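Q: Could you work out the structure for the sequence below:
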Amino acid sequence: MQEQLQYMSMLADYNDRAFEIEVESEMNASRIKRQMIMEEQTVINQSHTADVKILDQDSAIQRSSFISDSRKVLMEKTKGIFEDVRAKAEVEIMKKIDSDPTFYHSYLDNLIIKTSDTFEKRAVLCVAPADYEYVKSQIKRYSHEAELEFSMGQQLKIGERGVKIYNEKLTICVDSTIKQRLIQAMRFKAPELNAIVLPDVQLIE
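A: Presented below is the predicted three-dimensional model:
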């Protein structure tokens with residue numbers, strides 16, 4: 001429970017910082033917009049009607065360009081904050097894994113059983129070298145509980161924990177590594193971040 005509260009606290013901090021960026025971006029946009037309007041009004045008062053039409057077109061293009069640039073900056077900052085918080089949370093999770101093998105084995109058991117429902121008959125488990133012997137010893141239990149025939153596959157890259165589950169031909173993969181699960185959890189806990197600038201655009205890859 002304490003670890004969950006710590007992760008939720010980090011996510012809350014993530015949301016707060018994202019909100020600050022949004023407010024700052026809106027203030028900058030408003031300030032520049034006011035300045036552009038004042039400049040336009042000055043030129044309008046000194047120009048003929050034909051010149052004003054050209055000015056309106058040019059200023060509209062400038063405003064569109066500014067808004068586009070502001071969105072790009074905000075999207076980059078949002079991605080940066082997301083990655084910072086994800087990295088910090090991953091460090092804490094890895095500490096928990098190293099210090100409490102019982103907790104991690106239980107977590108790994110659930111990952112394998114609950115995220116293998118994509119497959120119908122057979123599945124291949126790829127785990128970290130440190131987890132290989134444990135998972136191998138539990139494979140019959142996994143097969144019974146998930147109603148699948150599991151086999152052991154290649155080991156994960158150094159530094160990866162969790163599991164990748166493949167179909168028998170190794171053409172379909174369910175990535176349940178710690179890193180990927182954390183990314184999914186953060187997206188679920190903070191969905192409003194994708195609506196900060198462009199609701200219809202996936203801001204975070």
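Q: Please identify the buried residues of stretch 76-89?
A: Within stretch 76-89, the residues that count as buried by 16 or more other CB atoms under 10 Å are 77, 78, 81, 82, 85, 86, 89. Where C-beta positions appear, they are placed from N, C-alpha and C, glycine not excepted.
Q: which residue packs closest to residue 143, ignoring adjacent ones?
A: With CB to CB, 6 or more residues apart in numbering as the criterion, residue 143 has its nearest non-adjacent residue at 5.1 Å, and that residue is residue 150.
Q: Surely the one you found forms part of a helix?
A: No. Judged by DSSP: H, G, I helix; E, B strand; the rest coil, residue 150 forms no part of a helix; its state is strand.
Q: For it, list the residues it contacts.
A: With contact set as CB atoms under 8 Å, 6 or more residues apart in numbering, residue 150 has these partners: 112, 116, 122, 123, 124, 125, 139, 142, 143.
Q: what about it, distance to residue 115?
A: Distance of residue 150 to residue 115, computed by CB to CB, to the nearest Å: 13 Å.
Q: and the helix or strand hosting residue 126, average pLDDT?
A: Taking DSSP states H and E as the definition, residue 126 sits inside strand 122-127. Mean pLDDT, strand 122-127: 95.
Q: Strands along this structure, start to end?
A: For the chain, the strands defined by DSSP state E cover 122-127, 149-152, 162-166, 173-177.
Q: got JSON lines for these, with distance to residue 96 too?
A: Below are the strands of the chain laid out as JSON lines (distance: least, CB to CB, whole Å):
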{"stretch": "strand 122-127", "distance to residue 96": "18"}
{"stretch": "strand 149-152", "distance to residue 96": "25"}
{"stretch": "strand 162-166", "distance to residue 96": "13"}
{"stretch": "strand 173-177", "distance to residue 96": "15"}
